[in-house]
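1. Provide a 3D model corresponding to the input given below.
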Amino acid sequence: MAATVRLDYYGGNASEPAGVTAEAGAKFNRADSLAGTTPVPRPTAAGTAYSYVKQLALNVTGSAATAISNRTVKMGSSPATGLTLAFLGSATYLDQTGASGAPADNGTTNDAAPSGYTAMTTSAQSYHAASVSAGSTGRNGNFCRAVAGVANNYAGGAGSGIALPDIVAGYDEA
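-> Residues are numbered from 1 along each chain as shown. Have a look, this model is predicted:
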């Protein structure tokens, strides 16, 4: 029998909190929250500005005598020109309560992934390959730190209602 697994958001706290389901969506912004409304500014010249990190991870809500491995992430579709998503796998929780959790903006290149991050595509990309038991409930494996980028070449308007593609998480279970 397979484990019951969902994608959770972890944030808004100085130390790792319990996960909150992210399956209904997350708003990428400049706040350490699942649904904040502080917008990511569009650069006035070539460059890319980034959101705060959305820390996502698989959460086992119903255990099984199996193991989860090969955790992946991808976009459900391509974003509009000037909008990007990027990710970074990390074993540790990032405290964003005391300072900006946004990676440093890129002041020269449109549609750039932040330093240390990988540009997200519509093909599955690994963020944590190791096998971890699904025999207990709670976070399973590393965090997938996701950020959104808004570049100078984005032609859409400002605001908190900008549509981004769905983030699709995948994994193997055996």
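2. Now name the helix or strand holding Gly89.
-> Gly89 belongs to strand 83-90 when assigned by DSSP states H and E.
3. so where do the helices sit in the chain?
-> Along the chain, counting by DSSP state H, no stretch forms helices.
4. Going by neighbour count, list what's buried in the longest strand anywhere in it.
-> Longest strand of the chain, by residue count under DSSP state E: strand 138-151. For strand 138-151, the buried set under the neighbour-count rule, 16 or more other CB atoms under 10 Å, comprises 139-151. Every C-beta, even on glycine, is put in place using the N, C-alpha and C of the backbone.
5. Looking at those, which one is closest to Val53?
-> Taking CB to CB as the measure, Val53 lies nearest Arg145 of the buried residues of strand 138-151, at 4.7 Å.
6. Now for the residue nearest to Ser33 when sequence neighbours are not counted, how many residues are close by?
-> Closest residue to Ser33 in three dimensions, ignoring its sequence neighbours and counting by CB to CB, 6 or more residues apart in numbering: Gly12, at 5.5 Å. Number of residues near Gly12 (other CB atoms under 10 Å) recorded here: 15.
7. Next: Pro17.
-> Using other CB under 10 Å, Pro17 has 14 other residues around it.
8. Also Ala155?
-> Residues lying near Ala155 (other CB under 10 Å) number 8.
9. confidence score at it?
-> If you check Ala155, the pLDDT there is 89.
10. With Ala158 instead?
-> According to the prediction, Ala158 has pLDDT 67.
11. of the buried residues of strand 138-151, closest to Ala3?
-> Using CB to CB as the measure, the one of these that approaches Ala3 most closely is Asn140, at 8.1 Å.
12. which residues sit in contact with that closest one?
-> Taking CB atoms under 8 Å, 6 or more residues apart in numbering as the criterion, Asn140 is in contact with Val5, Ala57, Leu58, Asn59, Val60, Ile68, Val132, Ala134.
13. same check, this time on Ala146
-> Contact criterion CB under 8 Å, 6+ apart gives Phe28, Val53, Lys54, Gln55, Leu56, Val73, Leu85, Ala86, Phe87, Met120, Ile167 as the residues in contact with Ala146.
14. Distance of the one residue sitting closest to the centre of the chain relative to Ser133?
-> The structure's the chain has its C-alpha centroid closest to Ala146; by CA atoms, centre = their mean the separation is 2.4 Å. With distances defined as CB to CB, to the nearest Å, the gap from Ala146 to Ser133 amounts to 25 Å.
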